[in-house]
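A.B. asks: Predicted model, plus sequence, below.
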Amino acid sequence: MKFGIFHTVQLHESQTASESLTNALEEIMLAEELGLDETWLGEHHFSRHGLLSGFFSFLGYVAANTSRIRIGTAITVLPFHNPILVAEESAMIDILSKGRFDLGIGRGYQLQEFEGLGVDVEQATDRFREGVDVIVKAWTEEKLTYKGKFTNVEDIWIIPKPIQNPIPIYVAVSTTPATIDFAAKNGHIVMVGGPTAVLGQAPDVIKTWRKKMDEYGNKHKHIDPPVQLPIYVAPTMEEAINDPKGYDDFSLKILSKIG
């Protein structure tokens, strides 16, 4: 089993954006020093819930300040991006980190983000699925030709290519069978978080994914899908219950505003 940390870099009312980002980087560097295996960073827009709106820049900074810990996105909201740019940015981070990058992707869920970025939420699933296909082809084909609903290019040279061949892709899932099936059919790894993980449904999701991977003939025996859970460690049970209360109250406050 491996352990890591997850960050959206929330903006607390008592901190500036600069302080929050600096603290997050210091925590990631400490995580590497303490022997943790990976760090995952989440994309959000327009709220205190997360400062990593353009987080490939931050990922590059993390790569430059670490040497061992794996660096992943959890998630890149694919409908918000041109998938060709995601492929290029991901390859660059993989090179800067010397092959330590993992691309976690999802379709997004916050309506205010779709509205603020001018993206039709009804197109999210189609944009997501086509985007994944474009990214994989951009990494693995010498030149990219693609005729899709949202991406239409012919014979373009996508450089640089990543060190890993290809970069591991993780698909954020809940209990929706179609998303689990999509990940398994394309040989991608599921990642489980939010209510699905907290309510104890992750084992069933992963079991379903493994079964589907077998059905599609994709290897998974040595893959352990990541599960994101809130954890607080303290010397006593009382401290473990009481210490995070301020954070819990803050998180509930900002999440209640975004739905």
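C.D. replies: All right, it came through fine.

A.B. asks: Below-threshold pLDDT in the chain: ranges please.
C.D. replies: Across the chain, the ranges flagged by pLDDT under 70 are 247-259.

A.B. asks: go again using 90 as the cut-off
C.D. replies: Filtered on pLDDT under 90, the chain yields the residue ranges 8-15, 44-55, 109-110, 174-176, 193-200, 220-222, 229-233, 241-259.

A.B. asks: Mind jotting down where the strands sit in this structure?
C.D. replies: Counting by DSSP state E, the segments of the chain that form strands are 4-7, 38-41, 70-73, 76-77, 101-106, 144-147, 152-156, 169-173, 189-192.

A.B. asks: elements contacting the second one?
C.D. replies: So the one you mean is strand 38-41. Contacts defined by 3 or more CB pairs under 8 Å, 6 or more residues apart in numbering; DSSP states H and E place strand 38-41 against strand 4-7, helix 55-64, strand 70-73, strand 101-106. C-betas here are computed from N, CA, C, even on glycine.

A.B. asks: Looking at those, which is nearest to T179?
C.D. replies: For the helices and strands packed on strand 38-41, the distance to T179 is smallest for strand 101-106, at 8.8 Å, taking CB to CB.

A.B. asks: which residues are contacting that closest one?
C.D. replies: With contact meaning CB atoms under 8 Å, 6 or more residues apart in numbering, strand 101-106 is reached by 38, 40, 59, 63, 70-78, 86, 90, 93-94, 128, 131-132, 135, 162, 164, 167-172, 191.

A.B. asks: switch the cut-off to 6 Å
C.D. replies: The contact list for strand 101-106 (CB atoms under 6 Å, 6 or more residues apart in numbering) reads 70-76, 78, 90, 93-94, 167-170, 172, 191.

A.B. asks: Of the residues you listed, grab the buried ones for PyMOL.
C.D. replies: Burial among those is assessed by 16 or more other CB atoms under 10 Å; the matching PyMOL selection reads:
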select buried, resi 70+71+72+73+74+75+76+78+90+93+94+167+169+170+172+191
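
A.B. asks: ok so, going back, could you dump the strands of the chain to JSON lines with distance to E239?
C.D. replies: Formatted as JSON lines, these follow (distance: least, CB to CB, whole Å):
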{"stretch": "strand 4-7", "distance to E239": "20"}
{"stretch": "strand 38-41", "distance to E239": "25"}
{"stretch": "strand 70-73", "distance to E239": "30"}
{"stretch": "strand 76-77", "distance to E239": "36"}
{"stretch": "strand 101-106", "distance to E239": "32"}
{"stretch": "strand 144-147", "distance to E239": "54"}
{"stretch": "strand 152-156", "distance to E239": "56"}
{"stretch": "strand 169-173", "distance to E239": "32"}
{"stretch": "strand 189-192", "distance to E239": "28"}
